[in-house]
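Asker: Fold the following and give me the result.
(4 chains, ligands or ions: 4)
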There are 2 protein chains.
Amino acid sequence: MDQTERIIQALDSAGYQATANRRLVAGMVATSGGHFTAADLLERGRRERVNIGRATVFRALELLAELHVIERLDLPSGSHAYVLCDPAEHHHHLVCSGCGRSEDVADGELARLVDEIGQRNGYRIETHRLELFGKCPDCAAGTPPNGAASKASSSAGQRPGGH
Amino acid sequence: MDQTERIIQALDSAGYQATANRRLVAGMVATSGGHFTAADLLERGRRERVNIGRATVFRALELLAELHVIERLDLPSGSHAYVLCDPAEHHHHLVCSGCGRSEDVADGELARLVDEIGQRNGYRIETHRLELFGKCPDCAAGTPPNGAASKASSSAGQRPGGH
DNA sequence: CACGAAGTGAGACTGAGTATCAAATGGATC
DNA sequence: GATCCATTTGATACTCAGTCTCACTTCGTG
Ligand SMILES: [Zn+2]
Ligand SMILES: [Zn+2]
Ligand SMILES: [Zn+2]
Ligand SMILES: [Zn+2]
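Answerer: Ligands and ions are numbered 1, 2, ... in the order given. So this is what the prediction gives:
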């Protein structure tokens, strides 16, 4: 719940209204416990019988992404998901291909590596993205955390791309 | 053109027929000179008055991706593009946000870094993806290589995500 | 309460990608 | 070349994500 407050705070201090709908989305995002798609939220809303429009959910996600409260993830399956994350500093995501859980990963040495690559190729690098997929401790042990709800949803269908 | 042959070769040695349509797609892929979307190929086909079905193009791309002759790229804009690349070994892509040109980048130290991250978080890592976006030497110098055709197409619209 | 700005929902619309299925083609075998 | 079967193909319909529009509601402020 504290997480929800943080999101609302972010909205507010960026000059956006913390309306009922946005609070609702904030709540769902905060309790998602992993990655989620727009469709996931929509469905969850429907299940919980909340009345929120399709467009509104998309708009809220877009807004939160803009504020770096959530970040878009491109799953190996090709679909677009989001994860809640710390807006403070640049980082990447380690995502469980079993349950959807996600950890923030500091950039660390990567920054240097990226620099070198840019240098070597004569490119002026603007952005980079690193995404890691694997099995979290629980899923690796065959104990997917079935406690949390939203994970088992549609977006869990993975296709772990070859390496 | 030699590149085209390599693609056809790959199809053949994987037991797929190198039909006229697939040769056609191979040719377009080989001469794309950067990243391209399915829509790009479709449009190029239409422009050059070749008769190839929508589904066929999607199927050909899927097939080539499976053979690791091309690889899917998730552009910052969110759209799915492909780049021609060396199927031999694992690598990543450095993509020009100006003209769409792309360079293969060896994994290098990243493998170790990825390992460490997995270790530290207790994850068993299965895949990772690194994508670098920036301006190629020409684009940085304000001389986008207007020679090549396909680049200026639709897929060039970028939204360089913040860093 | 009155007002303008910000936010919202229903529904139309677009565009990517998939599914279906009958027709075309390829390759093998005689 | 004719026959047979597996592979490939294209037209079409369809699904689904995401956007757009526009009238309506809600918010903050005086
Ligand atoms: Zn897990
Ligand atoms: Zn980074
Ligand atoms: Zn360039
Ligand atoms: Zn790698």
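
Asker: Can the longest strand anywhere in chain A be said to contact chain B?
Answerer: Longest strand of chain A, by residue count under DSSP state E: strand A:124-135. Yes: Strand A:124-135 is in contact with chain B by Cβ under 8 Å from any Cβ of the partner chain, via A:124-135. (Glycine included, C-beta is placed from N, CA and C.)

Asker: And those residues, which is closest to A:Y16?
Answerer: Using Cβ to Cβ, A:T127 is the member of the residues of strand A:124-135 next to chain B that lies nearest A:Y16, at 24.6 Å.

Asker: Please spell out which residues along the helix or strand that comes right after the longest strand of chain A are buried.
Answerer: Downstream of strand A:124-135, the first helix or strand assigned by DSSP states H and E is helix A:137-140. By neighbour count with 16 or more other Cβ atoms under 10 Å in any protein chain shown, helix A:137-140 contains the buried residues A:138-139.

Asker: now stretch A:62-71
Answerer: Across stretch A:62-71, burial judged by 16+ other Cβ under 10 Å covers A:63-64, A:69-71.

Asker: Please flag which of those sit within strands.
Answerer: Secondary structure from DSSP E places A:70-71 of the buried residues of stretch A:62-71 in strands.

Asker: quick one: average confidence on the longest strand of chain A?
Answerer: The pLDDT scores in strand A:124-135 average 96.

Asker: For that strand, which strands pair with it and how are they oriented?
Answerer: According to DSSP bridges, strand A:124-135 forms sheet pairs with strand A:91-96 (parallel), strand B:124-135 (antiparallel).

Asker: The helix or strand that comes right after the shortest one near chain B at all?
Answerer: Pointing back at strand A:91-96 there. With elements assigned by DSSP H and E, the helix or strand that comes after strand A:91-96 is strand A:102-106. Yes: using Cβ under 8 Å from any Cβ, strand A:102-106 reaches chain B at A:103, A:105.

Asker: Flag every residue of chain A that's near DNA strand C.
Answerer: Proximity of chain A to DNA strand C, by Cβ under 7 Å from any atom of the strand, involves residues A:16-17, A:19-22, A:51-56, A:59-60, A:78.

Asker: could you say which helix or strand contains the residue positioned nearest the centre of chain A?
Answerer: Taking Cα atoms, centre = their mean, the centroid of chain A lies closest to A:V83, which sits 1.1 Å from it. Using DSSP H and E, A:V83 maps to strand A:80-84.

Asker: quick one, that strand and strand A:91-96 angle?
Answerer: Comparing the axes of strand A:80-84 and strand A:91-96 via axes from the mean of the first three to the mean of the last three Cα atoms, to 10 degrees yields an angle of 110 degrees.

Asker: is strand A:80-84 up against DNA strand D anywhere?
Answerer: Yes: counting by Cβ under 7 Å from any atom of the strand, DNA strand D has neighbours in strand A:80-84: A:H80.

Asker: buried set for that strand?
Answerer: A:80-84.

Asker: Please apply the same query to stretch A:6-24.
Answerer: Within stretch A:6-24, the residues that count as buried by 16+ other Cβ under 10 Å are A:6-8, A:10-11, A:16, A:21-24.

Asker: Would you mind listing where chain A has pLDDT under the threshold?
Answerer: Under the criterion pLDDT under 70, the flagged ranges of chain A are A:1, A:146-163.

Asker: for the nearest residue to A:H91 once chain neighbours are set aside, what are its contacts?
Answerer: Using Cβ to Cβ, 6 or more residues apart in numbering or on different chains and skipping the chain neighbours, the partner closest in space to A:H91 is A:D104 (5.0 Å). By Cβ atoms under 8 Å, 6 or more residues apart in numbering or on different chains, A:D104 lies in contact with A:85-86, A:91-94.

Asker: What spatial separation is found between A:D104 and A:H92?
Answerer: Per Cβ to Cβ, to the nearest Å, A:D104 is found 8 Å from A:H92.

Asker: ok, now A:L11?
Answerer: Plainly put, A:L11 is 24 Å away from A:H92 if you go by Cβ to Cβ.

Asker: go on, A:D12?
Answerer: In terms of Cβ to Cβ, A:D12 sits 28 Å off from A:H92.
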